[in-house]
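[1] Dropping the sequence and predicted coords here.
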Amino acid sequence: MTIKAGDEFPQVQLKYIPFNATNPDACLSPQVLDTKKDFAGKKVVVVGVPGAFTPTCSAQHLPAYVAKADEIKAKGIDLIVFTSSNDFFVLSAWGNSAGVEDKIIMAGDANGDLGRATGLSVDFSKFGLGSQRLTRFAVVIDDGKVEHLFTEPDPSDVTVTSADNILSVL
Amino acid sequence: MAIQVGDTIPNTVLTYAPYNPDHADVCSAPQPMNTHDAFKGKRVVLFAVPGAFTPTCSETHMPEYATRAAEIKAKNVDIVACVASNDPFVMDAWGKAHGVKDSVLMLSDANGEFGSAIGLVNDGTKMRMGPIRLARFAMIINDLKVEYLGVEPARGVTVSGAASVIAKL
């Protein structure tokens, strides 16, 4: 049961550490990101990646979204969220290392709730990442409804889930 | 039924990204490491943390071991290793963030096999950290037998810290 365009995006709780504009080195308290309540009435891009600090995710996927975040938001997107099966401390550190600041919410799905609810979990054991990891995907959600869903046919590559491709459909 | 002093550590597979001195910035492909193969006939200091990049682990626990690894090895220890429930890419990045290079082996118990086998895991679901997280502890293992085990009773770093372990070497 994998989600598809036209579906309601499932309601799960992810966690993230907000960016601290006044003192970027100090961690603010973690916040819950509710994918129903916090996305209501908004246009949101959610990008799932196999792993924070992994080669493709770090070298290609995240930096492009950081560079194009303003462009994406100028096309009517209210929130950009990056998520993976890592915990929110790891997502926060990864975001800091990539200079994300407040452009993208780096939310952790360590409990696997989003993976289970969307059916977008795959077995990455052979890469040393574990048997239930979010695959590489990008979804455009409009007031809770999935408008576009792209899943990488080869999760170690970035093609249809890239920032450029998302921009082309907005 | 947690592991105790005198017990033999379980034979499980952990993973790690080997340190490559020629390409120190690049993440090498994760390799499996069988605990019995890697630790047989050796004296090992193994410390476990609930999470890479978390406050206590990053500010207190890891830095003490990173700065004192050489001191520990000078006391007849062959390997200093850190293990957590994070995946090997995260462990590699965390080790790099603390400049450990090859002084501390950064091990991943991502599937929770090792932690479950020794009975030292906690459920982190309420904190959204996942259902299986290693507790905070330090072990001195001599030819696969537990010589010292310090499991932290509460928040903070005491019996699992580098100073406590060095005092026992």
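    Yep, that arrived.
[2] wait, is B:Pro32 part of a strand?
    Yes - with DSSP: H, G, I helix; E, B strand; the rest coil as the criterion, B:Pro32 is assigned to a strand.
[3] Now do the strands in the chain.
    No chain in the question, so chain A it is. For chain A, applying DSSP state E gives strands covering A:13-16, A:31-34, A:43-48, A:79-84, A:105-108, A:121-122, A:133-134, A:137-142, A:145-151.
[4] could you do chain B instead?
    Under the criterion DSSP E, chain B contains strands at B:13-16, B:31-34, B:43-48, B:79-84, B:105-108, B:121-122, B:133-134, B:137-142, B:145-151.
[5] what would the ones you listed look like in CSV with distance to A:Ser97, mean pLDDT and mean neighbour count?
    To be clear about C-beta, it is placed using only N, CA and C from the backbone, and glycine gets the same treatment. Putting those into CSV (distance: least, C-beta to C-beta, whole Å; pLDDT from 0 to 100; neighbours: other C-beta atoms under 10 Å in any protein chain shown) gives the following:
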stretch, distance to A:Ser97, mean pLDDT, mean neighbour count
strand B:13-16, 20, 94, 21
strand B:31-34, 23, 94, 14
strand B:43-48, 24, 98, 24
strand B:79-84, 18, 97, 23
strand B:105-108, 16, 96, 25
strand B:121-122, 27, 94, 18
strand B:133-134, 22, 95, 24
strand B:137-142, 28, 97, 22
strand B:145-151, 32, 97, 17
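[6] could I get these as JSON lines with distance to A:Phe137?
    As requested, the strands of chain B are arranged in JSON lines below (distance: least, C-beta to C-beta, whole Å):
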{"stretch": "strand B:13-16", "distance to A:Phe137": "25"}
{"stretch": "strand B:31-34", "distance to A:Phe137": "28"}
{"stretch": "strand B:43-48", "distance to A:Phe137": "33"}
{"stretch": "strand B:79-84", "distance to A:Phe137": "27"}
{"stretch": "strand B:105-108", "distance to A:Phe137": "24"}
{"stretch": "strand B:121-122", "distance to A:Phe137": "30"}
{"stretch": "strand B:133-134", "distance to A:Phe137": "26"}
{"stretch": "strand B:137-142", "distance to A:Phe137": "37"}
{"stretch": "strand B:145-151", "distance to A:Phe137": "40"}
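[7] hey, what's the residue nearest the centre of chain A bridged with?
    The residue lying closest to the centre of chain A (C-alpha atoms, centre = their mean) is A:Phe82, at 2.2 Å. Using DSSP bridges, the bridge partners assigned to A:Phe82 are A:Val47, A:Met106.
[8] mind listing what it touches?
    Contacts for A:Phe82 (C-beta atoms under 8 Å, 6 or more residues apart in numbering or on different chains) come out as A:47, A:49, A:62, A:65, A:91, A:95, A:100, A:104-107.
[9] hang on, the earlier thing: now render the strands of chain A as a markdown table, adding mean pLDDT.
    As requested, the strands of chain A are exported to a markdown table (pLDDT from 0 to 100):
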| stretch | mean pLDDT |
| --- | --- |
| strand A:13-16 | 94 |
| strand A:31-34 | 94 |
| strand A:43-48 | 98 |
| strand A:79-84 | 97 |
| strand A:105-108 | 96 |
| strand A:121-122 | 94 |
| strand A:133-134 | 94 |
| strand A:137-142 | 97 |
| strand A:145-151 | 97 |
